[in-house]
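A.B. asks: for reference, the sequence and a predicted model appear below.
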Amino acid sequence: MPQLPAPDYPADVRARLDADAKEVVARYPDSRSALLPLLHLVQSEEGHVTRTGVRFCAETLGLTTAEVTAVSTFYSMYRRKPSGDYQVGVCTNTLCAVMGGDAIFDELKQYLGVGNNETTEDGKVTLEHIECNAACDFAPVVMVNWEFFDDQTPESAKRLVDDLRAGRPVQPTRGAPLCTYKETARILAGFPDERPGAVEATGGAGPASLIGLKLAKGEAPQHRVVHPRGEAQQDKGGHDRPPHDPSPSEHLSSHDAPQQTSASDPANPAGPETEEGE
């Protein structure tokens with residue numbers, strides 16, 4: 001049976017969103033270019049893109065709901081069902097997976113009692129595997145509402161989600177302070193982040209990035225990040241260590257510290273999701 005038209009927002013919410021949308025659309029010479037930030041705007045209202053949000057975007061920009069739906073279902077940052085206050089994304093791409101990302105993801109699924117793209121019963125945390133967090137220097141990486149938590153382990157990741165669920169302050173490794181998913185969506189819609197110190201917060205590149213930059217410029221790095229296999233190394237006392245006996249404190253590359261990997265989430269293979277109400 002065909003679905004009935006989506007309901008509209010309550011009058012006060014509609015008036016507020018209309019004012020915000022007018023500000024967003026005014027930034028673009030072609031109004032339909034404002035669709036991506038408008039989708040973030042409606043997501044900041046309900047935590048995901050509902051049929052009502054799709055209707056709002058379509059009416060605001062003079063598009064069909066099919067056109068808006070085609071865009072909102074293409075990008076993974078737009079949620080199609082209710083999600084938690086904190087989107088915890090575990091990178092399971094090659095380097096992070098080899099360095100322990102798969103182990104972190106499997107541990108969090110069991111610890112939280114949820115699968116991929118599922119939310120805890122208290123509505124605090126939605127867990128998902130991410131193909132790349134673009135921070136390979138710091139593998140394995142976990143992101144919470146798109147803020148970086150670097151060099152994670154299964155134990156540190158469990159402490160992180162415990163703090164999020166308990167409402168304890170959590171500070172990303174670098175970048176802006178953490179805020180809720182709805183607040184993040186509003187910032188992505190293009191509205192100013194008014195939290196004190198948030199705009200000034202930043203983070204530097206990791207040692208591997210800086211050495212790579214020096215190599216690209218033709219400069220010789222001062223030291224190796226990881227010793228080649230088979231090369232004798234010395235401990236702090238000046239004694240040779242046999243090859244393949246790295247210091248526990250060394251941050252090894254994937255080639256020196258391989259870990260068994262597995263499919264990211266065989267119980268939840270990638271595929272089309274059902275629309276709201278189906």
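C.D. replies: Sure thing, it's come through. Residues are numbered from 1 along each chain as shown.

A.B. asks: all helices of the stretch 1-150 of the chain, in order?
C.D. replies: Secondary structure of the stretch 1-150 of the chain (DSSP state H, counting those that start in this stretch): helices at 11-25, 35-46, 51-61, 65-72, 94-96, 102-112.

A.B. asks: so which of those comes closest to residue 169?
C.D. replies: When these are compared by CB to CB, helix 102-112 sits nearest residue 169, at 20.3 Å. Just so you know, the C-beta spots here come from the backbone N, C-alpha and C atoms, and that holds for glycine as well.

A.B. asks: what comes up buried for that closest one?
C.D. replies: By neighbour count with 16 or more other CB atoms under 10 Å, helix 102-112 contains the buried residues 102, 103, 104, 105, 106, 107, 108, 109, 112.

A.B. asks: got those as a markdown table, with distance to residue 174 columns?
C.D. replies: Below are the buried residues of helix 102-112 laid out as a markdown table (distance: CB to CB, whole Å):
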| residue | distance to residue 174 |
| --- | --- |
| 102 | 24 |
| 103 | 23 |
| 104 | 19 |
| 105 | 22 |
| 106 | 26 |
| 107 | 24 |
| 108 | 21 |
| 109 | 26 |
| 112 | 25 |
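
A.B. asks: need these in a markdown table with distance to residue 184 and pLDDT, can you?
C.D. replies: Below are the buried residues of helix 102-112 laid out as a markdown table (distance: CB to CB, whole Å; pLDDT from 0 to 100):
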| residue | distance to residue 184 | pLDDT |
| --- | --- | --- |
| 102 | 26 | 92 |
| 103 | 27 | 93 |
| 104 | 22 | 94 |
| 105 | 21 | 94 |
| 106 | 26 | 93 |
| 107 | 25 | 94 |
| 108 | 20 | 95 |
| 109 | 23 | 94 |
| 112 | 20 | 94 |
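
A.B. asks: tell me where this structure has strands.
C.D. replies: Ranges of strands in the chain, per DSSP state E, are 86-91, 118-119, 125-130, 142-144, 147-149, 233-234, 240-241.

A.B. asks: tell me the mean pLDDT for the fifth one?
C.D. replies: Regarding strand 147-149, the rounded mean pLDDT is 89.

A.B. asks: where does the stretch 151-278 of the chain have low pLDDT?
C.D. replies: 202-205, 221-278 (pLDDT under 70).
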